[in-house]
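Engineer: What follows is a predicted protein model with its sequence.
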Amino acid sequence: MYKNNHLKEEYSESYIYKKLFENGIEVKWSSLINRKSKEDFITSDGKRIDVKFSTFSTIGKRKAWRFNCHHHGKKQTHIDYYICVLIDEKKHLIFVFPSELIEGYQINISDRQLHRGKFDYFKENWDLIKS
């Protein structure tokens, strides 16, 4: 999945854990404690967070970052927020999406959508988790 192992290390769950802490969000790293955990983090007030990573890939005829928000074909209804880490050699972006905004089983983000600013509101918007 990752062409460069340095990028994988730099943008791993530990990196997201650090970002959550830096933004004043106290979490329990549930996937570290229990590998079968359905979420990666749980906030002190019970919000469940799942972290998704994607590199730039071809989807049909289009190129985009694809984040799967399902588990073996079943929608993850127990997740409150998805933190999507978009990685390629030129961009390293983090988006915070409330799960109720996600229709279907995937989030696809194209380079064109980034240039148009479609997802700017969600870019490192940690306040969504705090509220």
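Structural biologist: That came in fine, so what should we check first? Quick caveat, the model's predicted, so the values are computed rather than measured. Numbers count the residues shown, from 1 in each chain.
Engineer: And the strands in the chain, which stretches?
Structural biologist: Using DSSP state E, the strands of the chain run over residues 27-28, 41-43, 48-55, 57-59, 62-68, 70-71, 74-75, 81-87, 92-98, 106-110.
Engineer: how about TSV for those, with distance to residue 123 added?
Structural biologist: All C-beta atoms are positioned from the backbone trio N, CA, C, and that covers glycine. TSV is the format used below for these (distance: least, CB to CB, whole Å):
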stretch	distance to residue 123
strand 27-28	20
strand 41-43	19
strand 48-55	15
strand 57-59	21
strand 62-68	13
strand 70-71	23
strand 74-75	24
strand 81-87	10
strand 92-98	6
strand 106-110	11
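Engineer: among the ones you listed, which is the most enclosed?
Structural biologist: Neighbour counts (mean count of other CB atoms under 10 Å) averaged over each of those peak at strand 81-87, with a mean of 23.
Engineer: wait, which of the strands of the chain is closest to residue 125?
Structural biologist: strand 92-98 (5.0 Å; CB to CB).
Engineer: Keeping just the C-alphas, turn that closest one into CSV.
Structural biologist: Output in CSV follows, covering the C-alpha atoms of strand 92-98 (Å, rounded to 0.1, in the frame of the first residue of the first chain):
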residue,chain,number,x,y,z
HIS,A,92,0.0,14.7,3.4
LEU,A,93,-3.4,15.8,4.5
ILE,A,94,-5.7,14.8,7.4
PHE,A,95,-9.5,15.1,7.3
VAL,A,96,-11.9,14.6,10.2
PHE,A,97,-15.3,13.4,9.0
PRO,A,98,-18.4,12.8,11.2
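Engineer: So what touches it?
Structural biologist: In this structure, residues lying in contact with strand 92-98 by CB atoms under 8 Å, 6 or more residues apart in numbering are 7, 10-11, 16, 19, 80-86, 107, 109, 114, 119, 122-126, 128-129.
Engineer: From the chain's centroid, how far away is that strand?
Structural biologist: Strand 92-98 sits 6 Å away from the centroid of its parent chain (CA atoms, centre = their mean, to the nearest Å).
Engineer: quick one, that strand and strand 62-68 angle?
Structural biologist: 50 degrees (axes from the mean of the first three to the mean of the last three CA atoms, to 10 degrees).
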